[in-house]
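J.: no sequence on hand, only this structure:
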């Protein structure tokens, strides 16, 4: 399954880059967020591959959800797909948008890949093993090495959203004395923590499960954790929520091995 995820992410990345280097037509969804043909083409490719290989596993994907296609009954395992995370970055010509594919089992992200086609950064995770993948010049896999979270040392390095910084996020960052702050878009934030390049990723305000699942899978495989305000692991497959829409996440903090990291 992980090999399929990796292949589909690379193929989707090639489709996205063809559009990135051309004329990008931008539309807006009902929630005013941007969407492009790159989002849609990437999702079509990924879903076709997943549904052909694993017809018995339900798929939940961002653009289908935005189009009002109701997700099926999920059961114990389902796929979560964000075909182009960081569409605002894509539209603005920034490099750190990603392709994200994850398997959720019993509410937790078990397998995931995150691929940034513009920079070539590629990460994968499965239980007990997270890897950074090196690509050759023709975009094929040339090698891989194991990654793991690091022991947090002051000053902690915090990764924060480039497009979605909130006053609550800034207040949290101020609690960390002498913190170094790295602004980056998309699910690469999880992967920087997973790879030991950063220590903490706080996120306050709305995200959706497809935004976080693949990066969270890589982080957990690397020995990190993602927790909510109550200190519980972030869960997936949230439906019929009393105070939010299906698959919406609460605020969370993703981190490596950090002693004394400020809570909520």
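T.: That came in fine, so what should we check first? A quick note: this is a predicted structure, and the numbers were derived from the prediction, not measured. Numbers count the residues shown, from 1 in each chain.

J.: contacts only, for residue 168.
T.: 204-205, 251 (C-beta atoms under 8 Å, 6 or more residues apart in numbering). Just so you know, the C-beta spots here come from the backbone N, C-alpha and C atoms, and that holds for glycine as well.

J.: mind pulling up the pLDDT for it?
T.: Note for residue 168: predicted pLDDT of 83.

J.: ditto for residue 217
T.: Reported pLDDT for residue 217: 98.

J.: count of neighbours near it?
T.: 34 (other C-beta atoms under 10 Å).

J.: related to what we said a few turns ago, out of the contacts of residue 168, which end up buried?
T.: For the contacts of residue 168, a neighbour count by 16 or more other C-beta atoms under 10 Å gives the buried set as 204, 251.

J.: can you pull out the low-pLDDT segments for the stretch 101-250 of the chain?
T.: Residue ranges of the stretch 101-250 of the chain with pLDDT under 70: 162-165, 177-178.

J.: which residues of it fall in helices?
T.: When secondary structure is read from DSSP state H, counting those that start in this stretch, the stretch 101-250 of the chain shows helices at 167-174, 188-194, 209-221.

J.: now render those helices as CSV, adding distance to residue 23.
T.: Formatted as CSV, these follow (distance: least, C-beta to C-beta, whole Å):
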stretch, distance to residue 23
helix 167-174, 34
helix 188-194, 26
helix 209-221, 26
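
J.: closest to residue 132 out of those helices?
T.: For these, proximity to residue 132 was assessed by C-beta to C-beta; helix 188-194 is nearest, at 8.1 Å.

J.: show me the contacts for residue 1.
T.: 53-54, 103, 111.

J.: okay, those in CSV with neighbour count and distance to residue 233 next?
T.: Converted to CSV, the contacts of residue 1 look like this (neighbours: other C-beta atoms under 10 Å; distance: C-beta to C-beta, whole Å):
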residue, neighbour count, distance to residue 233
53, 11, 28
54, 15, 25
103, 23, 16
111, 24, 16
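
J.: closest one of these to residue 256?
T.: Closest approach between those and residue 256, by C-beta to C-beta: residue 111, at 20.0 Å.

J.: and the lengthiest helix in the chain, which residues are buried?
T.: Longest helix in the chain by number of residues (criterion: DSSP state H): helix 2-20. Under the neighbour-count criterion of 16+ other C-beta under 10 Å, helix 2-20 has 2, 4-6, 8-13, 15-16, 19-20 buried.

J.: how far does that helix sit from its chain's centre?
T.: Centroid separation for helix 2-20 versus its chain: 15 Å, with C-alpha atoms, centre = their mean, to the nearest Å.

J.: great, nothing more from me.
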